[in-house]
Structures are given as C-alpha cells and as structure tokens.
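J.: Next input, structure requested:
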Amino acid sequence: MVSDKPRYSRVSDILDLIILMQSKVLGITLKDIETELHVTRRTAERIRDALILGLPQIDEIDTNGKEKHWGFVSGYMMNEIISFSPDEIAILEGIKDSLQIENKKQTLDKVITKLRAHSRKQIQKIDDAVELILKSEGFAVSQKPSYKIDIQLMDTIRQAIKEQVMVRCKYCGNDKVLAPYGIIYGSNAYLIGVEDGKPSPYVYSLHKLTDVQISNKQFDKGDFDIKEYANHSFGVYQNEVMKVELLFRPDVAEDVLNFNFHPTQKVKQNDDGSVTVKFKASGELEILWHIFKWGDNVKIVAPTKLKKMYVEYLENVLKAERGK
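T.: Residues are numbered from 1 along each chain as shown. Presented below is the predicted three-dimensional model:
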C-alpha cells in the first residue's frame, strides 16, 4: 500500500517531476506521479494541480486514450531548471580521467565545462519552488483578484521578447504594432513595450491585448533593463519621481519593519516605537492606494504634493459614499 510522505518538503522531487514531464512527448499521468514520488492518488492529484497552477505552460495533452496525460504545451522547454549535482559531474570527471584516447578526453572535458556553466544559470528560485510544494501539500492556496490571461498569448509574447521581434495585436480594440520589452507582475500583469513610431515605453495591461501575432520586424531595445525600469515606480505606471516619507504608528511597527515597500526604501524605527519609511518612486496614485490600506496607522510626511492628493482622494471617496 502506498503511503504519503510525512511532509512533502523536498524541492528536488518537484523539479525531478517537471524534468520527467518534459522528457516525455506525451507528458505524464497521475499513475506516473504516484510511482515516481511514492504517493497516494489524492496527493498525486494535488501535486498535478499545483504544477498546473504554478506553471501555466503545463496543460492536458490529448492522447486519444482513456488515461489523461499532462505536459508542456507548444513545445515549451524548461531547460533552466535542469541542473547537474557536484556528484554527477564528479562521476563524469572520473570517466574522463580513465579515458585513454586524448581527443575523447578533450571532448568530454568540454561537455563537463558546459554542464558546470549551465548549472550556474538556473533561474528557478527556491522560494518559488517552496510555494509550489506548499500548494501541492494542500497547505497554501492563491487567493487574490486577478485578470485571466491566455497562455498562448503569454507564450507568443515570451518568444517575441527573447527574439526581439515586434508583435501585431489589438489593444482595447485598436490595431497596434509593439516592441515588447518585458513584463511586470503586480495585482495585474503588464507589458512594457514601445509602439512602432513612438520614442518611449508605455504600459499595456496584458488582459486587454488580443490577436497577438509575431511579425518579421526586428527591434533593438538598447540598454533597457526591466528591473531598473520597475525600480523607478512604486507600482507600474511612471511619471515624476518623488521623495516619499511615511510615518507609521508604533501599533504596526512590526508589520512595517517586515514589509517591502520599494527597492529604494530606507526604514528606521524611532525612539517612540514609530517607524519612518523613505523611498524614491513615481506613480502617486498607486502609492496612495497602498497607503489607504494602512488606515489611520500611517501619515504622509513628504512630499506636500502627495499629502494634498491624499486628502483630496479621501474627500472624494466620502463624497461618493454620502451621495448614495
């Protein structure tokens, strides 16, 4: 009888399962998951659901058979998560040293060098894998409002970004030709791109993009860096960069000290227990929306412009409520 592991906590098991899924043309079945990880049917179903939720490139594969299979769609490959342990590389080193033919030793040495380089390029973060495992155990769920975004659309945009080719699409019903620079995730997903004939990047809500097709026109994004671009704003939208200073009451000090407001933030706990947070960012509306979540536990110290906007924002909310 198969029994579940006391705690399904090994990241390597999930990664091995993804690699197995990718290695099979027709994907894997629930029985494959049960056999590979030595778990019950119910746990196998939870693991499958977690994989589909965490990796939208995974989908059910039509095999014209009774048993369902799941694998990567559209020929998608996750080479980034495939790595080689020191022990595995050491075995290859031993085989290399035992070879008598010099040119074969040199060839294997080059292969080992490539494997070492490949392993260092892994981009799968441990915290992402841990979140995926918690979901597979039934200990965590995703609970946040968000727009549905077509997987095929994401796959097309990903290809266009990697190959630096423009896409033809419709945005809010209007025809566009865009150079996709990158994607920023928040409560929604946004494409940062430049419209053909225009000089600077613009923010496009991904759920408003339709009929996305790759064109044959190349683009050069120069030294554009999506992380650097995102660091200029509090959320997604960019305008004038402000020096923001917020003062939080002692009651919420612990939460504030453990909260990441912005990459440029400087946090200091004051003698009276209150906490001062300073950062530089644009996107005043998104800053105000976030401040609103803290209720009367926060006060805007600077800039004056932002403080006035916040007062107006609150007054407008009250007017709308009283006018009902």
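J.: and residue 134, what pLDDT?
T.: The model reports residue 134 with a pLDDT of 59.
J.: now swap in residue 298 and tell me
T.: 94.
J.: measure the closest residue to it other than its chain neighbours to residue 258 for me?
T.: Using C-beta to C-beta, 6 or more residues apart in numbering and skipping the chain neighbours, the partner closest in space to residue 298 is residue 248 (5.2 Å). C-beta: built from backbone N, CA, C; applies to glycine. According to C-beta to C-beta, to the nearest Å, residue 248 stands 12 Å off from residue 258.
J.: What of residue 294?
T.: Plainly put, residue 294 is 14 Å away from residue 258 if you go by C-beta to C-beta.
J.: before we move on, what about residue 198?
T.: 41 Å.
J.: cool, and residue 243?
T.: For residue 243, the distance to residue 258 equals 23 Å [C-beta to C-beta].
J.: For these two, indicate the residue with more neighbours.
T.: The neighbour count for residue 243 versus residue 258, taken as other C-beta atoms under 10 Å, is higher for residue 243 (12 against 8).
J.: Surely that one and residue 277 touch.
T.: No. Counting by C-beta atoms under 8 Å, residue 243 does not reach residue 277; the two are 11.8 Å apart.
J.: Next up, the contacts around residue 279.
T.: By C-beta atoms under 8 Å, 6 or more residues apart in numbering, the residues touching residue 279 are 234, 244, 261-266.
J.: got it, and residue 251?
T.: Contacts of residue 251 by C-beta under 8 Å, 6+ apart are residue 297.
J.: Next one, pLDDT for the residue nearest to residue 298 please.
T.: 96.
J.: contacting residues around it?
T.: Applying C-beta under 8 Å, 6+ apart, the residues near residue 248 are 256, 274-277, 294, 297-298.
J.: If any of these are buried, give me the ChimeraX selection for them.
T.: Selection of buried members from the contacts of residue 248 for ChimeraX, criterion 16 or more other C-beta atoms under 10 Å:
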select :256,274,275,277,294,297,298
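J.: Return the closest of the contacts of residue 248 with respect to residue 13.
T.: Closest approach between the contacts of residue 248 and residue 13, by C-beta to C-beta: residue 256, at 36.9 Å.
J.: how close does that closest one sit to residue 280?
T.: Using C-beta to C-beta, residue 256 is found at 18 Å from residue 280.
J.: Just the strands from the stretch 1-150 of the chain, written as ranges.
T.: With DSSP state E, counting those that start in this stretch as the criterion, the stretch 1-150 of the chain has strands at 58-61, 69-72.
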